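*Asks:* Output the structure for:
(2 chains)
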Amino acid sequence: MGSSADDGGRPRTALLALLPLTAPRDDVLNFVFLILLAITLAESWNIVAGYAGQVNLGHAAFFGLGALVTRMLWTEGAPVLLAMAAGAGTATLFALVIGVAAFRLRGAYFAIGTLALGEILRTTVGNVLPEISTLPAATIASYRLTQRFYLALGLAAVSVIAVAALATSRLGLGMRAIREDEEAAESSGVGALSLKLTALALSTALAGLAGGLFAYYHISYYPSHPFGPHWTFDALLMTFIGGVGTLQGPVLGAILYIVLKEYLALRWVDIHLLIFGALFVGIVLLLPGGLVQAAERARGVLGGARRAA
Amino acid sequence: MSVLAQQLLLGLLIGGLYGLAAAGLSLVFGVMRVLNVAHGELIMLGGYGAFWLAALFGVDPFASLVLVIPGSLLLGALLYWGLFGFVVRAHEETRIKNSLLIGFGLALALHALAVRLWTADERSIPTSYGGAVLSVGELSIPLVRLATLTLALVLIGALQLLLSRWRWGKAIRATAEDWQAALLTGIDIRRAYLLAFALGTALAGAAGTLVTVAYSVSPSIGLEWTLKALIVVVLAGLGSMLGTFVGGLVLGLAEAASAATFGGPYREIVGLVIFVVVLAVRPRGLFGR
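*Replies:* Numbering: from 1, shown residues only, chains lettered A, B, ... in the order given. You can find the predicted model right below:
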């Protein structure tokens, strides 16, 4: 990607906006919807893990909170965008409350601490709201897939733009300093806690919006489902395989992940987890920069060969 | 009153298995500073090992320990050579983080593999003595669960003996204490790491067998057991295997007490809450000895 993403990325995104007009098949729209939702989720996770270097294994909790609040308000009659904003706000507020405590933990302890928090929330929601949530018949009758599609497209674009802006900003620089060496960053004047909280707030706001989109999209699901740890694990896999801490990585990872997942599910349910689990282990051990790094290396080799020729 | 006592008794019985599950994780973390979040999946594999031995060859589940333990030992050695052996080269913080990620990928892959091999259904091993109950006053003690608790204690005692008497057991403990000093005194710490990981996996396999005998196994039990083991390790600290066993009993009792107080669906939460509270109180001294 690299420079080609900058000049070619925007027209391509613009083409996606025409998709409902040119190919109004529901299966195509649903498929692209899933990719867009995955991009939002992966990119939002990438902010905390990739830039600030904190592996948050409780990401599903914020996705779930966004879904929960959005679904409640929207089915009560609130406009969906307002409901989604409230969902994102709730997720962020919760993140700030637990973030102050959770960021006292370093490295892997933060990871398992957030995993435990996510599981507490999932179990509680499952216990309090055990009934499946289904949209009322009138809402189903007026259900329009294209609306969901455009919302997903907008949200994916917002999250990519947010990360792009972050990557080049002073804020993003501070976050990366924390990722590399927290003590050194602190001693050179970077306020580690407030920066980590900012990263978490941004990340969970996007996750909350993604959850709201999920609640707006799905006709029926168990309220505890969006709190399931697999949402976190998906985001983690997509981000790492694409390239953690890069702008394009999560997008690339999300596309590859959803395409392979949907394709492979036709013959063998969950085989994508076997493949991606193994791929992920290989990437952690051999290629910490993921596909983005692999592409850079390949380009370097090709460029070298071209110069030699 | 007797209902509560019965619930606490059942909590105590499963607590022994929590202790056994945590012992393997604690050994690996204490010695290698490697956090293997696929520990629950290793427990799951041990359970399916026993399930296969019973379903295909009619081996009694308790007798199958004789095969599952060496099999898990071998699996642990292979995982060390293939995966976790690469992580120990990094310094401590990177080591823990990378091991967490690798264990996580391994957990996903093993889960998917188990669904493929054994379907997502819950399996248990029916035995002729499965329903036997010992009545003590108003309490009824399921004999199979009592046997699993006893065996868990025996295995942990055997491990403790191994670590304190065997030459390589002492090497493992020395490496856990201070790997640089151990290296200086001529201990092959890579071999100590290998042994610790293999032993940890063997304990997971044994725990999985006992879980399947007394309860059931399914491909998705991994995360739950990893969390239980983590909670117990956080509660009990590192260093003493018997302490870990007691930690498991405490978690089992706490779960039973909370289920009795707040209702069954909340039994999973109490352990997680203990975990989060301990983390919040001792953010750095976690897993301290």
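*Asks:* per-residue confidence for residue 145?
*Replies:* I went with chain A, as the question did not name one. Predicted confidence (pLDDT) at A:L145: the value is 87.
*Asks:* ah, no, chain B please
*Replies:* Per-residue confidence (pLDDT) for B:R145: 92.
*Asks:* how close does it sit to A:N46?
*Replies:* Distance, B:R145 to A:N46, using CB to CB, to the nearest Å: 46 Å. For glycine as for every other residue, the C-beta is placed from the backbone atoms N, C-alpha and C.
*Asks:* now do A:A192
*Replies:* 19 Å.
*Asks:* of those two, who's got more company?
*Replies:* Neighbour count, other CB atoms under 10 Å in any protein chain shown: between A:A192 and A:N46, A:N46 has more, with 31 against 17.
*Asks:* could you measure the more buried one against chain B, distance?
*Replies:* Using CB to the nearest CB, to the nearest Å, one gets 15 Å for the distance from A:N46 to chain B.
*Asks:* Please point out which parts of the top helix by length along chain A sit buried.
*Replies:* Criterion DSSP state H: the longest helix present in chain A is helix A:192-217. For helix A:192-217, burial by neighbour count (16 or more other CB atoms under 10 Å in any protein chain shown) applies to A:192, A:195-217.
*Asks:* any idea where the helices of chain B begin and end?
*Replies:* According to DSSP H, the helices that chain B contains are B:2-32, B:39-57, B:65-79, B:85-87, B:92-118, B:143-165, B:167-177, B:179-184, B:189-214, B:221-236, B:241-262, B:267-281.
*Asks:* In the fifth one, which residues are buried?
*Replies:* I take that to be helix B:92-118. Buried, per 16+ other CB under 10 Å, within helix B:92-118: B:95-115, B:118.
*Asks:* I'd like the average pLDDT over it.
*Replies:* Mean predicted confidence for helix B:92-118 is 88.
*Asks:* Next, the angle from that helix to helix B:221-236.
*Replies:* Here helix B:92-118 runs at an angle of 140 degrees relative to helix B:221-236 (axes from the mean of the first three to the mean of the last three CA atoms, to 10 degrees).
*Asks:* swap in the second one?
*Replies:* What separates the directions of helix B:39-57 and helix B:221-236 is an angle of 130 degrees, with the same axes, to 10 degrees.
*Asks:* Is any residue of helix B:39-57 near chain A?
*Replies:* No. Helix B:39-57 is not in contact with chain A by CB under 8 Å from any CB of the partner chain; minimum separation 10.2 Å.
*Asks:* so how far is B:L249 from B:L4?
*Replies:* For B:L4 relative to B:L249 (CB to CB), the value is 17 Å.
*Asks:* any idea how far B:L67 is from B:V115?
*Replies:* For B:V115, the distance to B:L67 - CB to CB - is 24 Å.
*Asks:* Please apply the same query to A:H59.
*Replies:* Taking CB to CB, one finds A:H59 at 40 Å from B:L67.
*Asks:* Of those two, which one has the most company?
*Replies:* Ranked by neighbour count (other CB under 10 Å), A:H59 and B:L67 place A:H59 first, with 30 against 16.
*Asks:* In terms of helix, strand or coil, where does the residue lying closest to that one once chain neighbours are set aside fall?
*Replies:* Once flanking residues are discounted, A:H59 sits nearest to A:T232: 4.2 Å by CB to CB, 6 or more residues apart in numbering or on different chains. Going by DSSP: H, G, I helix; E, B strand; the rest coil, the secondary structure assigned to A:T232 is helix.
*Asks:* Please look at A:T232 and A:A42 and confirm they touch.
*Replies:* No. Using CB atoms under 8 Å, A:T232 is not in contact with A:A42, being 10.9 Å away.
*Asks:* So if I had to pick from those two, which one is more boxed in?
*Replies:* Under the neighbour definition other CB under 10 Å, A:T232 and A:A42 were set side by side, and A:A42 has more, 33 against 25.
*Asks:* what's the more buried one in contact with, if anything?
*Replies:* For A:A42, the contacting residues are A:234-235, A:238-239, A:242, A:250-251, A:253-254, by CB atoms under 8 Å, 6 or more residues apart in numbering or on different chains.
*Asks:* and those as JSON lines, adding secondary structure?
*Replies:* Formatted as JSON lines, the contacts of A:A42 follow (three-state DSSP):
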{"residue": "A:D234", "secondary structure": "helix"}
{"residue": "A:A235", "secondary structure": "helix"}
{"residue": "A:M238", "secondary structure": "helix"}
{"residue": "A:T239", "secondary structure": "helix"}
{"residue": "A:G242", "secondary structure": "helix"}
{"residue": "A:P250", "secondary structure": "helix"}
{"residue": "A:V251", "secondary structure": "helix"}
{"residue": "A:G253", "secondary structure": "helix"}
{"residue": "A:A254", "secondary structure": "helix"}
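*Asks:* Which pair of these spans the longest distance?
*Replies:* The largest separation in these, counting by CB to CB, is between A:D234 and A:V251 at 14.3 Å.
*Asks:* who has more neighbours, the two?
*Replies:* A:V251 (28 against 24).
*Asks:* And the host helix or strand of A:R122, what's buried?
*Replies:* When elements are assigned from DSSP states H and E, A:R122 belongs to helix A:107-128. Under the neighbour-count criterion of 16+ other CB under 10 Å, helix A:107-128 has A:107-127 buried.
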